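# Predicted model, plus sequence, below.
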Amino acid sequence: MSCSLHLLRPVGRAHRARLEQLTRGAGLFRPEEVATAVELLDESLAGDDDYRFVGAFDGDQLIGYACWGPTPGTVATSDLYWIVVDRGCQRSGVGSQLLKDVEGRLTADGRRLVVVETSSRDDYDATRKFYEARGYTRAATIPGYYAPGDDLVIYTKDLTPGDLARTAP
Ligand SMILES: CC(C)(COP(=O)(O)OP(=O)(O)OC[C@H]1O[C@@H](n2cnc3c(N)ncnc32)[C@H](O)[C@@H]1OP(=O)(O)O)[C@@H](O)C(=O)NCCC(=O)NCCS
C-alpha cells in the first residue's frame with residue numbers, strides 16, 4: 001500500500017466494508033461509533049445530502065476518508081463528523097489532504113464555520129495535535145461529557161477570517 005500517491009474521490013458502496021475496517025482499525029472508536037460511520041455512509045449513498053464523504057485512495061484501496069455536513073439550525077456552519085486515515089498511512093499527509101479538500105468544498109459552497117468534536121483522552125492526543133496543526137482553535141470543553149475524566153473538546157475553524165463576529169442580519 002502506498003501512502004504518498006493517492007487520489008481523492010467519492011466513497012462508493014464498494015468501499016463500505018473497507019471503510020468499516022479502517023475505522024475499526026484506527027483503534028480509537030467504540031463498536032457503536034464504527035457502526036455510526038457506516039450508517040452515515042449508507043445514508044449518504046441513499047442520497048442524504050446531510051452527510052457527504054470523500055475518500056483518499058491508493059488505486060482502488062481506500063486509505064482514508066472524511067465525512068461532513070451542514071449543522072442543523074445554523075446559518076452556514078458545517079460539522080466535520082469523521083476523518084480517519086489507515087493506521088499504516090498516518091503522518092504521511094493524507095489527513096491534511098482530506099481536510100484541505102473538505103475545507104475547499106465548504107468554502108466554495110459559502111460555508112462559514114467548521115466545527116469538530118473530539119475527546120480529551122490521551123489516545124486522542126495525535127488527533128488534537130492534527131487539528132491544531134491545521135489551524136483549528138480549541139473553542140470549548142465540556143468536562144466529563146463522554147465519561148468521567150473524558151471531556152468533549154470542540155475545535156472550530158473560521159473559513160471567512162474576521163467575519164464570524166459580524167452582526168446577524
Ligand atoms: C487524525 C488523523 C486523521 C490525521 O491524519 P494524518 O494523515 O495522520 O495527518 P497528517 O499526516 O496530515 O498530519 C498533519 C499534521 O498533524 C500533526 N500530527 C498528526 N499526527 C500527529 C501525531 N501522531 N503526533 C503529533 N502531531 C501529529 C502534525 O503537525 C502533522 O504534520 P507533520 O507530520 O508535518 O508534523 C489520523 O491520525 C487518524 O486517522 N487518527 C485516528 C482517527 C481520528 O482520531 N480521527 C478524528 C476523530 S475526531
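Arrived safely.
# From here on, just use CA atoms for contacts and neighbour counts.
Noted.
# Note down every partner strand of the helix-or-strand element of the chain with minimal mean pLDDT and its orientation.
Taking mean pLDDT, DSSP states H and E as the measure, the helix or strand of the chain with the lowest value is strand 7-9, at a mean of 93. Here strand 7-9 has these sheet partners by DSSP bridges: strand 52-58 (antiparallel).
# So what's the residue count around the residue nearest to residue 112 when sequence neighbours are not counted?
Closest residue in space to residue 112, ignoring its immediate chain neighbours: residue 159 at 5.1 Å, by CA to CA, 6 or more residues apart in numbering. As a burial measure, residue 159 scores 18 neighbours (other CA atoms under 10 Å).
# any idea of the pLDDT on residue 159?
The predicted local distance difference test score for residue 159 is 96.
# right, and it touches residue 109 too?
No - with contact defined as CA atoms under 8 Å, residue 159 does not reach residue 109; the gap is 11.0 Å.
# where does this structure dip in pLDDT?
Where the chain drops to pLDDT under 70, the residues are 5-6, 162-169.
# Contact residues of it facing the ligand?
The interface of the chain toward the ligand, taken as CA under 6 Å from any ligand atom, is made up of 26, 82-85, 90-96, 117-118, 124, 126-127, 129-130, 133.
# What about the residues you listed, which are in strands?
The members of the residues of the chain next to the ligand that map onto strands under DSSP state E are 82-85, 117-118.
# farthest-separated two in these?
Put simply, by CA to CA the two of those set farthest apart are 85 and 117, 17.0 Å from each other.
# Of the residues of the chain next to the ligand, grab the buried ones for ChimeraX.
Selection of buried members from these for ChimeraX, criterion 16 or more other CA atoms under 10 Å:
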select :82,83,84,85,94,95,96,117,118,127
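# So residue 38 belongs to a strand, correct?
No - under DSSP: H, G, I helix; E, B strand; the rest coil, residue 38 falls outside any strand and is assigned helix.
# Quick check: closest non-adjacent residue to it.
The spatially closest residue to residue 38, leaving aside those adjacent along the chain, is residue 20, at 6.2 Å (CA to CA, 6+ apart).
# which residues sit in contact with that neighbour?
If you count contacts by CA atoms under 8 Å, 6 or more residues apart in numbering, residue 20 has them with 34-35, 37-38.
# Would you mind measuring the gap between the ends of stretch 48-55?
17 Å (CA to CA, to the nearest Å).
# For it, list every residue counted as buried.
Using 16+ other CA under 10 Å as the burial criterion, the residues of stretch 48-55 that qualify are 50-55.
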